[in-house]
Each structure stands twice: as structure tokens, then as C-alpha cells.
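1. turn this into a model:
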Amino acid sequence: MKLLVVVVPREARDDAEAALESAGARGFTEISTVYGEGTTGPRFGSRAAPGVSDLIFLAVEEERIGPVREALAAVGSRHGRRLHAFLLPAEEI
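-> Sure thing, here's the model as predicted:
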């Protein structure tokens with residue numbers, strides 16, 4: 001099992017959620033409206049740095065990682081590669 005953390009621009013959130021569901025990844029937790037700065041620039045929800053992101057967390061079984069990776073890559077391509085996803089080792093306790 002892996003923990004998937006997705007940093008998604010607000011305008012791509014619905015697209016990312018639909019892609020995850022279509023890849024068979026269900027059951028997620030979302031933190032809405034996060035701010036930060038990275039390779040795509042600052043996103044602080046202000047006039048100087050417009051835009052915000054959301055975080056999506058979900059547990060992904062090993063056999064679902066390939067389809068999930070492909071689905072998120074497609075969303076990233078449609079939204080200017082501003083979606084970032086990270087896989088972390090996870091175990092349920």
C-alpha cells in the first residue's frame with residue numbers, strides 16, 4: 001500500500017478527482033485551499049500571486065498505482081503540468 005499525495009491547482013481539482021475514480025482509486029481525504037511556491041511559481045490567492053491549490057490524500061493498492069499514475073499524468077498534461085503527485089510508503093495500523 002502507498003500513500004498518494006496530490007497537489008492540484010483548484011481549477012483542476014474536479015478533473016483530478018474524476019481521473020482518480022476512473023482509475024479505480026476511491027476513498028480520499030482533501031484539504032482545500034493550500035498556499036505555496038514551487039516550480040510552477042507562487043500560489044497565495046492574492047493579486048500578486050493568484051491561484052490556490054488543494055491537497056488530495058489517498059491510500060492506493062500496489063496494483064492500482066500504474067493506472068492512477070497514468071490518469072494523473074493526463075490531468076497534468078491538460079492543466080499545464082501544474083499537478084504534482086507523490087507516492088509514500090504506507091501501512092495501516
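
2. okay, CA-based contacts and neighbour counts for the rest of this
-> Fine.

3. quick one: the strands in the protein, in order.
-> Under the criterion DSSP state E, the chain carries strands at the ranges 2-9, 29-34, 36-38, 41-43, 53-60, 84-89.

4. wait, which of the ones you listed is closest to residue 20?
-> With Cα to Cα, the closest approach to residue 20 among the strands of the chain belongs to strand 53-60: 9.7 Å.

5. that closest one pairs with which strands?
-> Neighbouring strands of strand 53-60 in its sheet, by DSSP bridges, are strand 2-9 (antiparallel), strand 29-34 (antiparallel).

6. got the CA coordinates for it in CSV?
-> Extracted C-alpha coordinates of strand 53-60, given in CSV (Å, rounded to 0.1, in the frame of the first residue of the first chain):
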residue,chain,number,x,y,z
SER,A,53,-4.1,24.6,-4.7
ASP,A,54,-5.8,21.7,-2.9
LEU,A,55,-4.3,18.6,-1.4
ILE,A,56,-5.8,15.1,-2.0
PHE,A,57,-4.6,12.2,0.1
LEU,A,58,-5.5,8.6,-0.6
ALA,A,59,-4.3,5.1,0.0
VAL,A,60,-3.5,3.2,-3.2
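
7. quick one: contacts of it?
-> Outside strand 53-60, the residues within contact range by Cα atoms under 8 Å, 6 or more residues apart in numbering are 1-10, 13, 25-35, 43, 90.
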